[in-house]
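**Q** Here is a sequence with its predicted model. Questions after.
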Amino acid sequence: MKRKAKRVISCLIVVTLVVTLFPATLLAALSDSQIVSAGGTVYYNASGEKVNATALGGDAVVSLSKTVKGTDTANEFIIELEVQTGIDITQIQTSEDAAVVLVLDVSGSMQGTRIADLKQAATNFLTEFANVSGTTKRYVSLATYATNATIVDDWTDITDPSQRSALIGKINSMNANGSTYTQGGLQLARNLLDAGSVSAIGNKSVILFTDGEPNKHNPDTSYSGIAINTPLNSSAGSGGTYDPQSQTFAAQMATVIKTQKGAKLYTIGCGLTPTYTPLLSSLSSGPDYAYTADNASELNKAFAEITESIEKWSEAWVVKDPMGENINFLELIPANGPLKFESNTLEWNLKDATPVAERTYRYSYHIALDTTASNFVSDKDYNTNGPTTLTYVMVNNRLITGDPVDANFLIPKVKGKVADESKPPKKFHHKKPQVGRWVKNPDVIIIPLVPKSGY
């Protein structure tokens, strides 16, 4: 027993001597000395503007942190991102799908060039709006209005080519005739937004197109059906010149759509009088949602910008994190939500993430500065990432209360290092994830205390 105790004590003494003689600098992460700028934390307000703050509160509604730390291997680093917010992201629907009601004016003044231009622009919109990847859905329904209002097509997933083609056929079959019952078109849009097929979609919009002032209305707004080709009749109004009461009823229905149905309301006016242009704009969700288009080119541009705006809403509370020049993404360190790696960019959807603390989201990943690249320059400062952004919106009582804005993370910098210029640089043999594949919870990276030889 005494002999065994002596052996244990001898081993402990040897280990102590070895550790004591080991240079302290070698026990530190080898690539720490290659960090030029470690990154840091920035704060933003509800409008996407940077604010001076040290904690959330007051104007600061979001904090973004991005930092880099070294590893025991030269030219390899760990990146950590953290998002803190005073907003309850769980209130937001997680679906990346989107739904749009097209409410199109087919009154008599639309005859000729205007109806032809509208048909082409609406067709182009459907083609572009359907251009999404994976399992993302794009639902569209169509309501037209003149003296009466009619649902031409219920909700259709236009990512299905056959369904998109069928809807385009119905658009091309539109005829122009009658008065302008704007309230009726918006009332049918209200009804369609209540349909169960789009109830789980948070990103819902209405696009109202008109070339004239409302001149028909109906004080009875109780009809809530969505039957196709069943006219919703108007019962009052001049039927010719501008009717203020018809505008009032249209405005009331627009308010319901914006405040009770959680949808954005875009307006497009064609050939309007200077007097009515601001009145139509007042129906929209705000100045950025109101368009004028007096010819085919402007009409196509308006629909294109609306498409871009709707897509932006789909990206709310999503971080896009591209790799920097000569930076190789190696692997995730166990993530708290699915991340997609595609086109050399990580995409992190916070709506699908689990917070690590109250309204705090974090993930880390392993990168390497590729010293084998033909354009690599030793000791040059390299950004670990390209511009890294969080797109976010304000939410209250499950309703989105502001426009999408972008906030930028600080970007760390590192410099390259080749241990022995007379020998070829180390090749990286880490397995990368397949491009476009969702990656989640890979193996933990274990970093040994003693650095590898050869550096």
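**A** That came in fine, so what should we check first?

**Q** the strands in the stretch 151-300 of the chain, which residues?
**A** 203-210, 232-233, 264-269, 290-292 (DSSP state E, counting those that start in this stretch).

**Q** Dump those strands to TSV, plus distance to residue 32, mean pLDDT and mean neighbour count.
**A** For glycine as for every other residue, the C-beta is placed from the backbone atoms N, C-alpha and C. Formatted as TSV, the strands of the stretch 151-300 of the chain follow (distance: least, Cβ to Cβ, whole Å; pLDDT from 0 to 100; neighbours: other Cβ atoms under 10 Å):
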stretch	distance to residue 32	mean pLDDT	mean neighbour count
strand 203-210	44	96	26
strand 232-233	69	96	18
strand 264-269	48	97	24
strand 290-292	53	96	20
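
**Q** Output those as CSV; include the columns distance to residue 415.
**A** What follows is these, written out as CSV (distance: least, Cβ to Cβ, whole Å):
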stretch, distance to residue 415
strand 203-210, 43
strand 232-233, 68
strand 264-269, 46
strand 290-292, 49
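
**Q** Of all the ones you listed, which one is nearest residue 409?
**A** Set against residue 409 and scored by Cβ to Cβ, the strands of the stretch 151-300 of the chain come closest in strand 203-210, at 24.3 Å.

**Q** Now do the closest one against strand 264-269, angle only.
**A** Taking axes from the mean of the first three to the mean of the last three Cα atoms, to 10 degrees, one finds strand 203-210 and strand 264-269 inclined to each other by 20 degrees.

**Q** mind listing what strand 203-210 pairs with, with the direction of each?
**A** When pairing is defined by DSSP bridges, strand 203-210 lines up against strand 98-105 (parallel), strand 264-269 (parallel).

**Q** Can I get it in CSV, CA atoms only?
**A** In CSV, the C-alpha atoms belonging to strand 203-210 read as follows (Å, rounded to 0.1, in the frame of the first residue of the first chain):
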residue,chain,number,x,y,z
ASN,A,203,-47.4,37.6,-43.7
LYS,A,204,-50.6,38.7,-45.3
SER,A,205,-51.2,41.6,-47.7
VAL,A,206,-53.9,43.2,-49.8
ILE,A,207,-53.1,45.0,-53.0
LEU,A,208,-55.8,47.5,-54.0
PHE,A,209,-55.7,48.8,-57.6
THR,A,210,-57.9,51.5,-59.0
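
**Q** Show me the domain layout of this protein.
**A** Domain segmentation of the chain under automatic domain parsing yields 64-92+317-394+407-439, 98-314.

**Q** circling back to that earlier point, what's the closest of the strands of the stretch 151-300 of the chain to residue 331?
**A** Comparison of those against residue 331 by Cβ to Cβ identifies strand 203-210 as nearest, at 31.9 Å.

**Q** just how off-centre is the closest one within its chain?
**A** Remark: strand 203-210 is offset 19 Å from the chain centroid, using Cα atoms, centre = their mean, to the nearest Å.

**Q** which stretch in the domains of the chain is the model least sure about?
**A** Ranked by mean pLDDT, the domains of the chain bottom out at domain 64-92+317-394+407-439, with a mean of 84.

**Q** Columns distance to residue 244 on top of the strands paired with strand 203-210, output as TSV?
**A** Formatted as TSV, the strands paired with strand 203-210 follow (distance: least, Cβ to Cβ, whole Å):
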stretch	distance to residue 244
strand 98-105	19
strand 264-269	17
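
**Q** And these: which comes nearest residue 351?
**A** For those, the distance to residue 351 is smallest for strand 98-105, at 14.1 Å, taking Cβ to Cβ.

**Q** after the closest one, next one along is what?
**A** Moving toward the C-terminus from strand 98-105, the next helix or strand (DSSP states H and E) is helix 113-129.

**Q** Let me know the angle separating that following helix from strand 203-210.
**A** Here helix 113-129 runs at an angle of 170 degrees relative to strand 203-210 (the same axes, to 10 degrees).

**Q** Can you name every helix or strand that helix 113-129 contacts?
**A** When contacts are defined as 3 or more Cβ pairs under 8 Å, 6 or more residues apart in numbering; DSSP states H and E, helix 113-129 packs onto strand 98-105, strand 138-145, helix 161-172, helix 296-314.

**Q** Now tell me what touches it from outside.
**A** Residues from elsewhere that reach helix 113-129 (Cβ atoms under 8 Å, 6 or more residues apart in numbering): 98, 100, 102, 104, 106, 110, 138, 140, 158, 164, 167-168, 171-172, 174-176, 209, 211, 270-271, 295-296, 299-300, 302-304, 306-307, 310.

**Q** Buried ones in it, by neighbour count?
**A** Applying a neighbour-count criterion of 16 or more other Cβ atoms under 10 Å, the buried positions in helix 113-129 are 114, 115, 117, 118, 119, 121, 122, 123, 125, 126, 128, 129.

**Q** try stretch 278-285
**A** 279, 280, 281, 283, 284, 285.

**Q** Then stretch 179-198?
**A** Within stretch 179-198, the residues that count as buried by 16+ other Cβ under 10 Å are 179-193, 198.

**Q** wait, which of these is closest to residue 259?
**A** Nearest to residue 259, judged by Cβ to Cβ, of these is residue 190 at 11.3 Å.

**Q** Which residue, other than its chain neighbours, is closest to residue 63?
**A** Spatial nearest neighbour of residue 63, chain neighbours left out: residue 84 (4.4 Å); criterion: Cβ to Cβ, 6 or more residues apart in numbering.
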